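Undergrad: Starting from these lines, generate the structure:
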Amino acid sequence: TDDEVARTFPCDALVPEPALEVWRGVAVHATTEQVWPWVRQLQLAPYSYDWVDNLGHRSPRDLRDLPEPQPGDAMSRLAGRLPVGRVLAVEPGEHLTVGVMGAVMSYVLVPQAERTRLLLKVVLEHDHWWNRPLALGDLPMARKQLLTWKALAEGAAGG
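TA: Take a look at the predicted model:
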């Protein structure tokens, strides 16, 4: 929505003049307390199309006992081993901002009564010829990631 696009995201402070900005979002019928543990599991796996971005290894479908992410921590491990990004900023239960392959991404949880609006903003600092194709290719990947977390959080919430 326009309100979501106008919202200030944590990635905005890290990349104040981006060459490209893209937004994604889903409504999750679960509280932020039920959604956050799934977002936090980005430490383990990408939760998108695992056959593409996780070398065929399935992202966990059960919650793991993980510490809260901290700036500098490795993020989203390829095939459960090789980190592909770093945590840049975090406010547990509110947002997780990571850097992956030149992109800065903020996942923001917005409470709305008995549900959560899970938002993602991706910014790229430099203008390269591959930015637009990358953003286009990211659309189904990011959507799958958000929808996977939605299904997992709603399933845990009984919704």
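
Undergrad: Ends of stretch 88-97, what's the gap?
TA: Taking C-alpha to C-alpha, to the nearest Å, stretch 88-97 runs 6 Å from one end to the other.

Undergrad: buried residues in it?
TA: For stretch 88-97, the neighbour count (16 or more other C-beta atoms under 10 Å) marks 88-90, 93, 95-97 as buried. For every residue, glycine as well, the C-beta is placed using N, CA and C.

Undergrad: Can you flag which of those belong to strands?
TA: Secondary structure defined by DSSP state E assigns 88-90, 95-97 of the buried residues of stretch 88-97 to strands.

Undergrad: ok, which pair from these is furthest apart?
TA: Leu88 and His95 (10.6 Å; C-beta to C-beta).

Undergrad: Find residues that contact each of the two.
TA: Common neighbours of Leu88 and His95 (criterion: C-beta atoms under 8 Å, 6 or more residues apart in numbering): Pro10.

Undergrad: Could you give the bridge partners of the spatially most central residue of the chain?
TA: Residue closest to the average C-alpha location in the chain (C-alpha atoms, centre = their mean): Tyr107, at 4.6 Å. Counting by DSSP bridges, Tyr107 forms beta bridges with Leu96, Leu120.

Undergrad: mind checking pLDDT for it?
TA: Looking at Tyr107, its pLDDT is 96.

Undergrad: Just confirm it contacts Val39, I think it does.
TA: Yes: using C-beta atoms under 8 Å, Tyr107 is in contact with Val39, at 5.4 Å.

Undergrad: Any chance of the ones in strands among the buried residues of stretch 88-97 in CSV with pLDDT and distance to Glu17 as columns?
TA: As requested, those are exported to CSV (pLDDT from 0 to 100; distance: C-beta to C-beta, whole Å):
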residue, pLDDT, distance to Glu17
Leu88, 96, 17
Ala89, 97, 18
Val90, 97, 23
His95, 97, 21
Leu96, 97, 23
Thr97, 97, 17
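
Undergrad: Right, I'll call it a day here.
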